[in-house]
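Chemist: fold the following, please.
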Amino acid sequence: MGHDGRVSDRPADVPTESVDVAVVGAGGAGLVALHHLALGLLRGPARPSPLRVALVDDVERLAPGPDGERPRDRTWCSWEPAPAAAPAVLRSWRAVEVLAPGARLALDVRPLRYRMLRGEDYYALVDADAARARRSGRLELLRRPGATAVEDGAERVLVRTPGGDLEAAWVLDSRPCAPVRPARTALLQHFRGEVVRTDPAAPPPFEPDRPVLMDFRTPQPPVGLSFGYCLPLDGRTALVEYTEFSPAVLDDAGYARGLAAYRRLLGLRPDPHGRADGDERLVEVVAVDAVEQGAIPMADDVRTSRAGARVRRLGTAGGATRASTGYTFSALQRQGAAVAAALLAGRDPLPPAAYPRRHRWMDALVLRGLAAGALDGPAFFTRLFAANPPDRVLRFLDGATTRREELALMATAPRAAMAGLAVEDGLVRARRRLSAAMSRSVH
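Modeler: Residues are numbered from 1 along each chain as shown. The predicted model follows:
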């Protein structure tokens, strides 16, 4: 039995393979790490032998399916440059909009750009760059089904799989796991989006150069917040998405209602089949080209990247998801680049902290405020963008601002609500320390 508590069911007649690194969990975090490894190998000096990497996952992310098509995955958006992902960027913008009842903010985000990537395009890029690294003789890539156990050791890690065991010098593990300290507050960022095409005979309803980053005109849930966003591919095609920060996902009817309400706000017929509803000003949607849906944890738990002597956590499991927003992609890129550089230099591939400790504290306050109703989420985010340089707000959401910039941002937040949350948080932390001290004294 391994440290994840599963019993091995490996075939007795399959020999153990030895690899330099095993990437356990080939979702976004694992593939970002593989991508940076492939690029580092291609750009670095020749090697005496190829780097042996094993992808260990039940889901085949890199190869097309039996019908030749890649699976539809979520859309990733980021304003951090992420040069490694640049070839997969579908659209990018210099300006965005944030909308709320009675407010329409047109925001120039330069020197940043808001970038949109489709998951399947990024997977294809990873596939292509990994293939180039293999052809160069610098990378050897093995595949195994999902791990049944990961057994850490001082010098090697044993990864047990139904397709045969692996011995790895390092393991990069992005599978879900328990945090070091459980969350006090937890919400989900959950969403459903559609790539819609509208009636070519009607005027184009979308402004191709003006995506909607957050639209808080949507009906708000009892706990948390909701917003829509609209990323135009052209004047008649766009990704239209409904998102909530709330305790639980919706059923199909709930997402359908959310998307219908947001369609109407965008001037589109809300009915998915385009039936008339009496308002002739609304533009008909003639096709839905793709649907995406998902849920991202937002929690103030404490996580660690060091899961053992030679096991390192990536992605949400390693703290890459921003607690107050659910944003993850930029942190995945930072982690992946750092891990790949360390591995290729022969160092410990311990990912750096995704966000500064002070940001995790501020995230905990915002998350608690949203969950407890002490903070008006739409007003809070709209005010941040209205009262600060847009690029500063975006960098803050990515954990890339200085203390001086954060003080300026905090000065524009609702002071009474944030002060109350900070006092409450301080009391909770004091009680926690007192309880821990008393426990130690008893033992």
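Chemist: what residues does the residue nearest the centre of the chain make contact with?
Modeler: With the centre of the chain defined as its mean C-alpha position, the nearest residue by CA atoms, centre = their mean is Thr328, 3.0 Å away. Applying CB atoms under 8 Å, 6 or more residues apart in numbering to Thr328 gives the contacts 28, 296, 315-316, 320-322. (C-beta placed from N, C-alpha, C; glycine too.)
Chemist: pretty sure Leu51 sits against Leu34.
Modeler: No: in this structure, Leu51 is not within contact of Leu34 by CB atoms under 8 Å, at 10.7 Å.
Chemist: who has more neighbours out of those two?
Modeler: The neighbour count for Leu51 versus Leu34, taken as other CB atoms under 10 Å, is higher for Leu34 (27 against 19).
Chemist: quick one, helices of the stretch 201-350 of the chain?
Modeler: In the stretch 201-350 of the chain, the segments counted as helices under DSSP state H, counting those that start in this stretch are 252-265, 329-344.
Chemist: does Arg358 count as helix, strand or coil?
Modeler: The three-state label given to Arg358 by DSSP: H, G, I helix; E, B strand; the rest coil is helix.
Chemist: need the pLDDT of it.
Modeler: Arg358 carries a pLDDT score of 92 in this model.
Chemist: surely it meets Arg403?
Modeler: Yes: with contact taken as CB under 8 Å, Arg358 and Arg403 are classed as touching, separated by 7.4 Å.
Chemist: for the longest strand along the chain, name the packing helices and strands.
Modeler: Looking across the chain with DSSP state E, the single longest strand is strand 285-299. In terms of contacts (3 or more CB pairs under 8 Å, 6 or more residues apart in numbering; DSSP states H and E), strand 285-299 is packed against strand 186-198, strand 237-246.
Chemist: so how far is it off the chain centroid?
Modeler: Relative to the centre of its chain, strand 285-299 is centred 14 Å away, using CA atoms, centre = their mean, to the nearest Å.
Chemist: now do the buried residues in it.
Modeler: Judged by neighbour count (16 or more other CB atoms under 10 Å), strand 285-299 contains these buried residues: 285, 292-294, 296-299.
Chemist: identify the farthest-apart pair in those.
Modeler: For the buried residues of strand 285-299, the farthest-apart pair by CB to CB is Val285 and Ala299; their separation is 35.5 Å.
Chemist: just the buried ones from the contacts of Thr328, in PyMOL syntax?
Modeler: Filtering those down to the buried ones (16+ other CB under 10 Å) takes a single PyMOL command:
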select buried, resi 28+296+315+316+320+321+322
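Chemist: same list (the contacts of Thr328) but as CSV, adding distance to Phe206 and pLDDT.
Modeler: Rendered in CSV, the data for these read as follows (distance: CB to CB, whole Å; pLDDT from 0 to 100):
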residue, distance to Phe206, pLDDT
Gly28, 27, 90
Ile296, 26, 93
Gly315, 33, 93
Thr316, 32, 93
Ala320, 32, 93
Thr321, 30, 92
Arg322, 28, 91
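Chemist: what's the closest of the contacts of Thr328 to Ser246?
Modeler: Using CB to CB, the shortest approach to Ser246 within the contacts of Thr328 belongs to Ile296, at 12.2 Å.
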